[in-house]
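S.K.: Would you be able to build a 3D model of this:
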Amino acid sequence: MKIALVAQHVIALSNDGTSQLADTRLLELSRSLASKGHRVTIYAQPHSQALPARTELEPGVTVEYIGQADEHHAESDLLAQVPAFSRPLHECWRRSRPDVVHALRWTSGLAALAAARDLRIPVVQSFDSLGVAERRHHLIPRGAGIERIRLEPAIGRSASAVLAGSSDEESDLTRLGVPRRSIRVVPCGVDTDEFNPEGPVADRANRPRLVTVAELSEHDALGTLLRAMSKVPGADLVVAGGPAQAKLRDDLGFRRLSKLADALGVSDQVTFAGPVGRAALPPLLRSADLVVSISEYDPTGMLAVQAMACGTPVIASAVGGQVDAVVDGTTGILVPPGRPALLAQRIRQLLAHPMLLEAFSVAAADRARSRYSWDRIAHETLAVYDTARDAAAMAA
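M.R.: Prediction:
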């Protein structure tokens, strides 16, 4: 099968003549599809004139840059850039027709639908995160994102199929008028060779360790966790994320959280570790007794899935993709967001029962392997492609 993955604003980094995708999800999906014998082409708008028009990313995976280089695109200009991307995309597909198109995010969906319209190519859409959900969780400033929120429902209704990352996103899509029959929940996968219970473990003290990964700007969520830590004496918390430690003092989020930790009397329990690279993340997750994922909005639940793949139980906010990922009472615990006393109670209960933690650990690793491996995600994605192709053939 010839598969076109449209990711208009994906950024490719060229180093020593090689290209890498900054979007790990796109890289893993394309690699998994290619490993099953399919030919995958990723279509993107170049962000630099120095990029080659075509490059092989992996065996069976090619990146083609379409349209003029746009080195200074802004969020407010995304919609205006679509025609300049979709027109050459149409010409490219007219010359070499893919069997199916999969668009990632809303502007890619607009471009893909416009380019494929007269060619009768089925278009599958993934949003990753919906504007209405981000607006609901106050992640889009007032007055911003209007065009995106208006257009995403139309994109979903026009696509041959829509891949929702979670049951929560599926519910949002149906409320927006996208037919439920055209929606399939296919979550983001995890590399179970990289994230698994075996392998190096980061150094730690003998005290119980909690780990979270979050941007320090997530003040409300991290504030909830710090308040919970004040009721979990004797435990350490590692907060990974934010600027490098040398620049922490200049970060407003760190200063606010540090002040709160001082006021709560937990400064000696909390370590702000700064950003953690990809290679260092699995050892850090393996070192934890519990990973706490307390985001108030998490469309993918990826931190919870990565921790489970490492065999580490999770306490997570019952939001977004985390509701699907964490089997409450089996692989971890789900708690309502913004409930520090309840969060602390659940942490204490788990830390007090090592045998329960061990049972959660085994179940968590098994669930991550069985539900979230890229091999399974690729199989489910291909099944959607086949259904979309069959429907397009019948309509022709």
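S.K.: Which parts of the stretch 151-300 of the chain are helices?
M.R.: 167-175, 219-229, 252-264, 281-286 (DSSP state H, counting those that start in this stretch).
S.K.: Please give the element, helix or strand, for the residue lying closest to residue 119 once chain neighbours are set aside.
M.R.: Excluding the flanking residues, the one nearest residue 119 by CB to CB, 6 or more residues apart in numbering is residue 93, at 5.7 Å. Where you see a C-beta, it was placed from the backbone N, CA and C, and this is true even at glycine. Under the criterion of DSSP states H and E, residue 93 resides in helix 78-95.
S.K.: Show me what that helix is in contact with.
M.R.: 4, 6, 8-9, 43, 45, 64, 66-68, 70, 73, 101, 107, 110-112, 114-116, 118-119, 121, 147-148, 151 (CB atoms under 8 Å, 6 or more residues apart in numbering).
S.K.: The same query, at a cut-off of 7 Å, please.
M.R.: For helix 78-95, the external contacting residues (CB atoms under 7 Å, 6 or more residues apart in numbering) are 8, 43, 45, 66-68, 70, 73, 107, 110-111, 114-116, 119, 121, 147.
S.K.: just stretch 388-396 next, same as before
M.R.: Residues contacting stretch 388-396 (CB under 7 Å, 6+ apart): 99, 100, 120, 122, 124, 160, 161.
S.K.: between the residues you listed, which has the most around it?
M.R.: residue 124 (28 neighbours; other CB atoms under 10 Å).
S.K.: isn't residue 342 right up against residue 334?
M.R.: No - in this structure, residue 342 is not within contact of residue 334 by CB atoms under 7 Å, at 10.8 Å.
S.K.: which residues do those two both contact?
M.R.: Joint contacts of residue 342 and residue 334 (CB under 7 Å, 6+ apart) do not exist.
S.K.: With neighbour numbers in mind, choose between those two.
M.R.: residue 334 (19 against 14).
S.K.: so how far is residue 298 from that one?
M.R.: In this view, residue 334 and residue 298 are 12 Å apart by CB to CB, to the nearest Å.
S.K.: do the same with residue 309
M.R.: In terms of CB to CB, residue 309 sits 16 Å off from residue 298.
S.K.: just to revisit the earlier point, out of the contacts of stretch 388-396, list just those in strands.
M.R.: Cross-referencing these against strands under DSSP state E gives 100, 124, 161.
S.K.: Can you tell me which of those is closest to residue 26?
M.R.: Lowest distance from residue 26 to the ones in strands among the contacts of stretch 388-396 (CB to CB) belongs to residue 124, with 14.0 Å.
S.K.: Now do the closest one against residue 4, distance only.
M.R.: Residue 124 is 10 Å from residue 4, by CB to CB.
S.K.: In this protein, which residue is most central in space?
M.R.: For the chain, the residue nearest the mean C-alpha position is residue 300 (4.8 Å; CA atoms, centre = their mean).
S.K.: tell me how far the ends of stretch 128-146 are from each other?
M.R.: For stretch 128-146, the first-to-last residue distance is 18 Å (CA to CA, to the nearest Å).
S.K.: what packs against the helix or strand containing residue 132?
M.R.: Taking DSSP H and E as the criterion, residue 132 maps to helix 131-136. If you count contacts as 3 or more CB pairs under 7 Å, 6 or more residues apart in numbering; DSSP states H and E, helix 131-136 packs onto helix 146-158.
S.K.: tell me the angle the helix it packs on makes with helix 167-175.
M.R.: 90 degrees (axes from the mean of the first three to the mean of the last three CA atoms, to 10 degrees).
S.K.: Show me how far helix 146-158 is from its chain's centre.
M.R.: Centroid separation for helix 146-158 versus its chain: 20 Å, with CA atoms, centre = their mean, to the nearest Å.
S.K.: how about the nearest residue to residue 107, chain neighbours excluded?
M.R.: Among residues not flanking residue 107 along the chain, residue 78 sits closest, at 4.9 Å (CB to CB, 6+ apart).
S.K.: That neighbour and residue 85: what is the separation?
M.R.: 10 Å.
S.K.: Repeat that for residue 249.
M.R.: For residue 249, the distance to residue 85 - CB to CB - is 42 Å.
S.K.: What ranges does the stretch 1-150 of the chain have for its strands?
M.R.: Assigned by DSSP state E, counting those that start in this stretch, the stretch 1-150 of the chain shows strands spanning 2-6, 12-15, 18-21, 39-44, 54-58, 61-65, 100-104, 123-126.
S.K.: just checking, what packs against the longest one?
M.R.: Using 3+ CB pairs under 7 Å, 6+ apart as the contact criterion, the elements in contact with strand 39-44 are strand 2-6, helix 24-35, strand 61-65.
S.K.: again, 10 Å this time
M.R.: Contact here means 3 or more CB pairs under 10 Å, 6 or more residues apart in numbering; DSSP states H and E; on that basis strand 39-44 packs against strand 2-6, helix 24-35, strand 54-58, strand 61-65, helix 78-95, strand 100-104, helix 106-116.
S.K.: All set, thanks.
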